[in-house]
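Q: A structural model of the following input is requested.
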Amino acid sequence: MANRKIPQPESTDDDRDPYAVRSIEHLLTLFDGGHFLTELMPEHRELLQKMQDHNEEFGHKGAKGSFTLSVSYELGGAGDLGMQVAKDFKGPKRPPSHAHAFVDRQGQLTLYSPMMKRMHSGVRDVTPHDPETGEVRDVD
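A: Now for the predicted structure:
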């Protein structure tokens with residue numbers, strides 16, 4: 001049996017390459033000469049502040065926010081890599097405004113309560129009563 005040579009893994013220079021991008025933070029510093037990353041955190045802080053303001057004004061329901069970070073790549077024929085980055089911040093939405101009114105018997109919108117209408121419809125007839133004094137007589 002012939003001695004077979006076991007292939008050795010290729011040595012990589014990644015550990016020694018001073019230009020290797022090893023973290024997301026380092027990757028994000030490549031865009032817009034580093035301005036992209038420096039603008040990201042203040043916008044993130046602004047989102048959190050909007051959520052706190054919403055919480056104080058409307059309560060904790062609906063105090064939601066998010067941000068999306070998208071990195072796109074396009075590999076060229078010579079091993080060159082084109083990159084694009086986009087960020088999208090979405091703050092909490094203002095809750096819908098509320099109002100109350102009533103609908104009358106004709107189907108019209110009104111601010112006057114139908115219950116109030118019944119209460120103020122005039123003096124109800126109470127019989128038997130004394131027509132001169134208005135005193136209610138006891139009924140036996």
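
Q: every contact and neighbour count from this point should use C-alpha atoms.
A: Noted.

Q: all helices for the protein, in order.
A: Along the chain, counting by DSSP state H, helices occupy 24-28, 35-58, 114-119.

Q: right, and the ones you listed - which one's nearest residue 88?
A: Across the helices of the chain, residue 88 has its closest neighbour in helix 35-58 (9.7 Å, C-alpha to C-alpha).

Q: hmm, which helix or strand of the protein has the shakiest average pLDDT?
A: Across the helices and strands of the chain, mean confidence by mean pLDDT, DSSP states H and E is lowest for helix 114-119: a mean of 71.

Q: so which of the helices of the chain comes closest to residue 65?
A: Closest to residue 65 of these, according to C-alpha to C-alpha: helix 35-58, at 6.8 Å.

Q: other SSEs contacting that closest one?
A: helix 24-28, strand 81-90 (3 or more C-alpha pairs under 8 Å, 6 or more residues apart in numbering; DSSP states H and E).

Q: present the ones you listed as CSV; the columns should include distance to residue 38.
A: As requested, the helices and strands packed on helix 35-58 are exported to CSV (distance: least, C-alpha to C-alpha, whole Å):
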stretch, distance to residue 38
helix 24-28, 9
strand 81-90, 13
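
Q: of the ones you listed, which approaches residue 56 most closely?
A: Closest approach to residue 56 among the helices and strands packed on helix 35-58 is made by strand 81-90 (18.2 Å; C-alpha to C-alpha).

Q: and stretch 37-46, average pLDDT?
A: Stretch 37-46 shows a mean pLDDT of 94.

Q: quick one: distance of that stretch to the chain centre.
A: Relative to the centre of its chain, stretch 37-46 is centred 18 Å away, using C-alpha atoms, centre = their mean, to the nearest Å.

Q: export it to PDB, keeping only CA atoms.
A: What follows is stretch 37-46, C-alpha atoms only, in PDB (Å, rounded to 0.1, in the frame of the first residue of the first chain):
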ATOM      1  CA  LEU A  37     -21.800  55.000  11.600                       C
ATOM      2  CA  THR A  38     -21.500  58.400  13.400                       C
ATOM      3  CA  GLU A  39     -25.000  59.300  12.200                       C
ATOM      4  CA  LEU A  40     -26.500  55.900  13.200                       C
ATOM      5  CA  MET A  41     -26.300  56.200  17.000                       C
ATOM      6  CA  PRO A  42     -27.800  59.700  17.300                       C
ATOM      7  CA  GLU A  43     -30.700  58.500  15.100                       C
ATOM      8  CA  HIS A  44     -31.100  55.500  17.300                       C
ATOM      9  CA  ARG A  45     -31.100  57.700  20.400                       C
ATOM     10  CA  GLU A  46     -33.700  59.900  18.800                       C
END
